[in-house]
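S.K.: When you get a sec, could you give me coordinates for this:
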Amino acid sequence: MPLPSHIDRYGSRPPPMFLLSSRARLLMPVILSLLVQLPANLFWLAQYRSVAAWISVGLAVLGPLALLLIRRHPGPVVAFVSLAACLDFVLSERMQGGQFLALAFAIILSIARGARIWAWISVGVGWVGTITVGLLTGTDWHPARIAVTTLGILITFGIGEGLRSRREHIVEFRREQLQRQQTEVQAERVRIARELHDVLAHSLSQINVQAGVGLHLMEKQPAKAAEALASIKETSKTALDEVRSVLGLLRAEAGQDPSAPLVPEPDLSRLAGLVASVSSQGVDVTLDSNVTEAPKAAQLAIYRIVQESLTNVVRHAQASSVHVRVAADDHDYVVTVGDDGRGMSESPVSGRGLLGMRERAELLGGSLDVGTAPGGGTLITARIPHTERNPRGTT
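M.R.: Prediction:
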């Protein structure tokens, strides 16, 4: 998964006051290495004026300059700087730092850029080779110089590995953070799609029925046809407001589109109006509810489940009566919607509507079942816990 452009390849982003340009970050190790290494080697050249001194000065310049290529070629650069440092160590018999600052930068930067194998092999082989050459030629190196140099190399590798590990952790953290954000965005899209389905399916079903009534009564009972048209107007207006409110979330920068109408979120208080709107379409709907208080999420889920169930009754069941019951036991809110229609064998009870109802219940830790009503119709039973719990048992 690609990282956003404002996060560098290591996943780290320093505070604004410490931000450096890309060129400055490249030149800083080069300049520091030259400032530390070159004066010492020039002083040595002024004292001895030997070929070895001239070579040491050249290496003091070439080593830092090689760091200019470390972004594109970290492996070869650390190998070259390691060779230059080892050669300088062999040429100089006194402790004077030599190429080791440039080598430290080369080790750290190459490990950070993924050239760990290059760094370990080139430095390891170079240092072992240097010690071997010194032993074979009888070079008089003080043991403390060998010990300090070895310790310095190990410390530098430790710093490099620590920075690499830290940056990998930061990259992984940011990657997981982006995945969580994308998961949340996807979940919000699913929620909005579910809301749109419930709003449109119920409203368009009502409009379809009322339009059929209006066409049927247009000539014989114009007054009834006018009532049907008025109902269509009110239903379509309500549906449009709800749709605009839901879609406003997609266009909003701060969670809500200022131009979208403020439509209250459906709750238990609107169940009576929902039942009345379906009863006006010729279906006898009775509501039996003794639940007046519940968490907002539970109220919305109960309302949408009842709404979708009644929509399915109007569209598919060919029922004459429906009984809606909302009750509460010790642990759950229990919603049942039963009709006397065609039943499960003939009425389509699967699809996005049923899937949406089941998802609403399961997202709150509940469940939804579809069965046969005592009168032969379809019975929807949903259980939603009083307190939200994760159906998968995780927090």
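S.K.: How about the backbone phi and psi for residue 280?
M.R.: Backbone torsions for residue 280, taken as degrees, to the nearest 10, come to phi -70, psi -10.
S.K.: Residue 383 now?
M.R.: For residue 383, the backbone dihedrals (degrees, to the nearest 10) come out as phi -120, psi 130.
S.K.: I'd say it and residue 334 touch.
M.R.: Yes. Using CB atoms under 8 Å, residue 383 makes contact with residue 334 at a distance of 5.6 Å. No exception for glycine: its C-beta is placed from N, CA and C like everyone else's.
S.K.: Tell me where the stretch 1-150 of the chain has helices.
M.R.: For the stretch 1-150 of the chain, helices defined by DSSP state H, counting those that start in this stretch occupy the ranges 22-48, 51-66, 74-91, 100-112, 116-137, 143-217.
S.K.: highest average neighbour count across those?
M.R.: The highest average neighbour count among those, using mean count of other CB atoms under 10 Å, belongs to helix 100-112 at a mean of 25.
S.K.: Report the rounded mean pLDDT for it.
M.R.: Averaging pLDDT along helix 100-112 yields 88.
S.K.: next one: stretch 157-170
M.R.: For stretch 157-170, the mean pLDDT works out to 88.
S.K.: From here on, call the first residue 46.
M.R.: OK, 46 is where the count begins now, so the last one is stretch 202-215.
S.K.: now it, how far from the centre of its chain.
M.R.: 24 Å (CA atoms, centre = their mean, to the nearest Å).
S.K.: isn't there a strand covering residue 382?
M.R.: Yes. Under DSSP: H, G, I helix; E, B strand; the rest coil, residue 382 falls within a strand.
S.K.: Not counting sequence-adjacent ones, nearest residue to it?
M.R.: residue 354 (3.9 Å; CB to CB, 6 or more residues apart in numbering).
S.K.: Surely the one you found touches residue 405?
M.R.: No. In this structure residue 354 lies outside contact range of residue 405 using CB under 8 Å: 11.6 Å.
S.K.: and residue 407, how many residues sit next to it?
M.R.: Per other CB atoms under 10 Å, the neighbour tally for residue 407 reads 17.
S.K.: Regarding it, what is its secondary structure?
M.R.: Secondary structure, three-state DSSP: residue 407 is helix.
S.K.: again, but for residue 427
M.R.: Here residue 427 is recorded as strand under three-state DSSP.
S.K.: for residue 327, same thing?
M.R.: Quick answer, by three-state DSSP: residue 327 is coil.
S.K.: per-residue pLDDT, it?
M.R.: For residue 327, the model assigns a pLDDT of 76.
S.K.: What distance do you get for it to residue 257?
M.R.: Using CB to CB, to the nearest Å, we find residue 327 at a distance of 10 Å from residue 257.
S.K.: Settle this for me: residue 206 is touching residue 156, isn't it.
M.R.: Yes. If you go by CB under 8 Å, residue 206 and residue 156 touch, sitting 6.2 Å apart.
S.K.: Confirm that residue 379 sits in a helix.
M.R.: No. With three-state DSSP as the criterion, residue 379 is assigned strand and is not in a helix.
S.K.: who are the neighbours in contact with it?
M.R.: Going by CB atoms under 8 Å, 6 or more residues apart in numbering, residue 379 touches 370-373, 426-428.
S.K.: Turn these into JSON lines, columns for pLDDT.
M.R.: Converted to JSON lines, those look like this (pLDDT from 0 to 100):
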{"residue": "370", "pLDDT": "93"}
{"residue": "371", "pLDDT": "94"}
{"residue": "372", "pLDDT": "93"}
{"residue": "373", "pLDDT": "91"}
{"residue": "426", "pLDDT": "93"}
{"residue": "427", "pLDDT": "93"}
{"residue": "428", "pLDDT": "93"}
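S.K.: What residues are bridge-paired with residue 329?
M.R.: Beta-bridge partners of residue 329, counted by DSSP bridges, are residue 366.
S.K.: Strands of the stretch 246-395 of the chain, residue ranges please.
M.R.: With DSSP state E, counting those that start in this stretch as the criterion, the stretch 246-395 of the chain has strands at 329-334, 366-373, 377-384.
S.K.: Can you give me the neighbour number for the residue nearest to residue 382?
M.R.: Neighbours of residue 354 using other CB under 10 Å come to 26.
S.K.: mind checking which of the strands of the stretch 246-395 of the chain is nearest residue 216?
M.R.: Residue 216 lies closest to strand 377-384 among the strands of the stretch 246-395 of the chain, at 43.9 Å (CB to CB).
S.K.: I'd like the mean pLDDT over the closest one, please.
M.R.: Mean per-residue pLDDT for strand 377-384: 92.
S.K.: before we move on, back to that, among the contacts of residue 379, which one lies nearest to residue 235?
M.R.: Distances from residue 235 to those, taken by CB to CB, are shortest for residue 427, at 18.6 Å.
S.K.: Run a quick neighbour tally on that closest one.
M.R.: By other CB under 10 Å, 27 other residues sit near residue 427.
S.K.: That one reaches residue 404, doesn't it?
M.R.: No. Shown here, residue 427 and residue 404 do not form a contact pair, counting by CB under 8 Å, at 11.3 Å.
S.K.: which residues touch the residue nearest to residue 197 when sequence neighbours are not counted?
M.R.: Closest residue to residue 197 apart from its sequence neighbours, by CB to CB, 6+ apart: residue 145 at 6.5 Å. Residues in contact with residue 145, defined by CB under 8 Å, 6+ apart, are 130, 194, 197.
S.K.: The second one touches residue 137, doesn't it?
M.R.: No. Distance between residue 194 and residue 137: 11.8 Å, which falls outside the contact criterion (CB under 8 Å).
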